[in-house]
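> I need the structure of the sequence given here:
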Amino acid sequence: TSGQGGCSLVVHLSFLPNSTSTMSTFAEAPAGDVAAGEKIFKTKCAQCHVAEKGGGNKQGPNLGGLFGRTTGSIAGFAYSKANKEANVTWGEETL
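Sure, this is the predicted structure:
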């Protein structure tokens with residue numbers, strides 16, 4: 001789903017051990033490398049997003065508390081019409 005800047009939310013699994021295996025839920029995911037995940041967020045996501053629940057927005061909306069949130073629902077963020085009308089609830093099945 002694209003926001004103002006055309007950013008797509010992509011789950012990066014390249015830093016997980018045995019990342020070539022498939023999984024049906026996040027609970028089945030192998031333990032990740034937190035430091036590598038933080039580095040990926042800082043280099044690929046932090047320019048446009050923050051991930052602290054209750055934090056502000058940047059070019060992209062705040063990702064904190066994403067699970068259970070409906071697309072296009074953060075007050076004050078200028079989502080695209082398509083994003084607002086997508087009516088997707090973010091969770092394991094939609095990421």
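
> Low-confidence ranges, this structure, go.
Within the chain, the stretches with pLDDT under 70 are 1-24.

> What is the subsequent helix or strand relative to the single longest helix found in it?
Longest helix of the chain, by residue count under DSSP state H: helix 34-44. Going down the chain from helix 34-44, the next helix or strand is helix 81-86, by DSSP states H and E.

> Quick one: list the elements packing against that following helix.
Packing partners of helix 81-86 (3 or more CB pairs under 8 Å, 6 or more residues apart in numbering; DSSP states H and E): none among the helices and strands. Every C-beta, even on glycine, is put in place using the N, C-alpha and C of the backbone.

> and it, how far out from the chain's middle?
Mean-position distance between helix 81-86 and its chain equals 17 Å (CA atoms, centre = their mean, to the nearest Å).

> what's the answer for stretch 34-44, then?
Distance of stretch 34-44 from the chain centroid (CA atoms, centre = their mean) equals 13 Å.

> For the longest helix of the chain, which residues meet the burial criterion?
By neighbour count on 16 or more other CB atoms under 10 Å, the buried set for helix 34-44 is empty.

> Same question for stretch 49-59.
His49, Val50, Asn57, Lys58.

> which of these lies closest to Ala27?
Closest approach to Ala27 among these (CB to CB): His49, at 24.3 Å.

> That closest one is in contact with Gly56, isn't it?
No: counting by CB atoms under 8 Å, His49 stays clear of Gly56, with 10.5 Å between them.

> shared neighbours, these two?
Shared contacts of His49 and Gly56 (CB atoms under 8 Å, 6 or more residues apart in numbering): Asn62.
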